[in-house]
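J.: how does the following fold in three dimensions:
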Amino acid sequence: MTFYGFAKAMCGALLRTVWRLKVHGAERVPLDGPLIVASNHVSYFDPPALGVALPRPLSYMAKRELFEIPVLGSVIARLHAFPVDRSRGDVAAIKRCVRMLGDGAAVGIFPEGTRNRDGSLPAQMGVSLLAALSGAPVLPAFISGTAHANRLARIDVAFGEPFVLVGTRKAAREDLAKGADEVMARVFALRETVRETSGGN
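T.: Have a look, this model is predicted:
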C-alpha cells in the first residue's frame, strides 16, 4: 500500500467514526481521466475530508508556507500536495497542474483562494484558467460541517455533475471571471443536497 493509500484509509476511518462523514453523489465522480475538483473552503479539515470522499487519488495546490513547516511539509508532499505562491500569479504551479491533468490526474482547488466561512469572498480566476488551459472537466464539491469540527459536528461532502467550462486558452479576463463564478454557483447549489439528505440540518 502506498503512503497516500495508508493515510487515506486512516483519515477515512477517523472521519467516519468521530465526525460521521457522509458522502453524497460519489457515483458522479469520473474514476479516470483529467478532473478539476472545485470546492468551498472553510477549514483545515477540508482537504482531508475531500480526499477521503473522492473515490480516486487527489492532488492539491497548497500554499507555499505549509511546505516550510518541519515534518508537515514532507508529509503533505507525500500526500500529492504541491506548493503555490499565493502572493503572485504562480505560473509554475499552473503549468504543473496542466501537466498533471494532461496525465489524467485529479487536481483539487479551492477557488475562493483561502478559508471563507460565510461564502462572501469572490471566486478567483485560477479555476477557470486551469479549465481553459487543460480542457479538463470541473467537478463541483460542497463541504459542510468542517467549520465546527472542534465540536465534532457531522461532516458532509457532496459532489455535483462534472461539466466543461466553455473557454479557450485565450479567454478574456471577463470570461474567466464569469467561469469562476459559475463554478462557485454550482458548488454552493450542492448545499441544498446536503440539507435535504440531512433532514434540514
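
J.: now residue 26: how far from residue 56?
T.: Here the criterion is C-beta to C-beta, to the nearest Å. By it, residue 26 lies 10 Å from residue 56. (Glycine included, C-beta is placed from N, CA and C.)

J.: alpha carbons of the lowest-mean-pLDDT helix or strand in the chain, as PDB, please.
T.: For the chain, counting by mean pLDDT, DSSP states H and E, helix 191-197 ranks last in confidence among helices and strands (a mean of 81). Provided in PDB are the C-alpha atoms of helix 191-197 (Å, rounded to 0.1, in the frame of the first residue of the first chain):
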ATOM      1  CA  ARG A 191     -25.600  22.900  -0.100                       C
ATOM      2  CA  GLU A 192     -29.300  22.100  -0.700                       C
ATOM      3  CA  THR A 193     -28.400  18.500  -1.400                       C
ATOM      4  CA  VAL A 194     -26.700  18.200   2.000                       C
ATOM      5  CA  ARG A 195     -29.700  19.900   3.700                       C
ATOM      6  CA  GLU A 196     -32.200  17.600   2.100                       C
ATOM      7  CA  THR A 197     -30.400  14.400   2.900                       C
END
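
J.: of all the residues in it, which ones are buried?
T.: Neighbour counts using 16 or more other C-beta atoms under 10 Å place 191, 193, 194 of helix 191-197 among the buried residues.

J.: the residue lying closest to the first one once chain neighbours are set aside: which element?
T.: Right, the one you point to is residue 191. Closest residue in space to residue 191, ignoring its immediate chain neighbours: residue 142 at 5.6 Å, by C-beta to C-beta, 6 or more residues apart in numbering. Secondary-structure assignment from DSSP states H and E places residue 142 in strand 138-144.

J.: next one: residue 60
T.: Applying DSSP H and E, one finds residue 60 within strand 59-63.

J.: contacts for that strand next, please.
T.: The contact list for strand 59-63 (C-beta atoms under 8 Å, 6 or more residues apart in numbering) reads 47, 51, 76, 79-84, 86, 93, 97, 100, 105-109.

J.: where does pLDDT dip in this structure?
T.: Within the chain, the set of residues satisfying pLDDT under 70 comprises 86-89, 113-121, 167-171, 198-201.

J.: let me see the ranges of the strands in it.
T.: Taking DSSP state E as the criterion, the chain contains strands spanning 22-24, 35-39, 59-63, 81-84, 106-109, 138-144, 156-159.

J.: with just CA atoms, put stretch 95-112 into CSV.
T.: These are the backbone C-alpha positions of stretch 95-112, laid out as CSV (Å, rounded to 0.1, in the frame of the first residue of the first chain):
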residue,chain,number,x,y,z
LYS,A,95,1.8,24.8,-15.6
ARG,A,96,2.4,21.9,-13.2
CYS,A,97,-1.4,21.5,-12.8
VAL,A,98,-1.9,21.4,-16.6
ARG,A,99,0.8,18.7,-16.9
MET,A,100,-0.8,16.6,-14.2
LEU,A,101,-4.2,17.0,-15.8
GLY,A,102,-2.7,16.0,-19.1
ASP,A,103,-1.5,12.8,-17.4
GLY,A,104,-5.1,12.1,-16.3
ALA,A,105,-4.8,13.2,-12.7
ALA,A,106,-7.5,14.7,-10.4
VAL,A,107,-6.5,18.1,-9.1
GLY,A,108,-8.3,19.8,-6.1
ILE,A,109,-8.6,23.5,-6.0
PHE,A,110,-10.4,25.9,-3.6
PRO,A,111,-11.5,28.8,-6.0
GLU,A,112,-12.0,31.2,-3.1
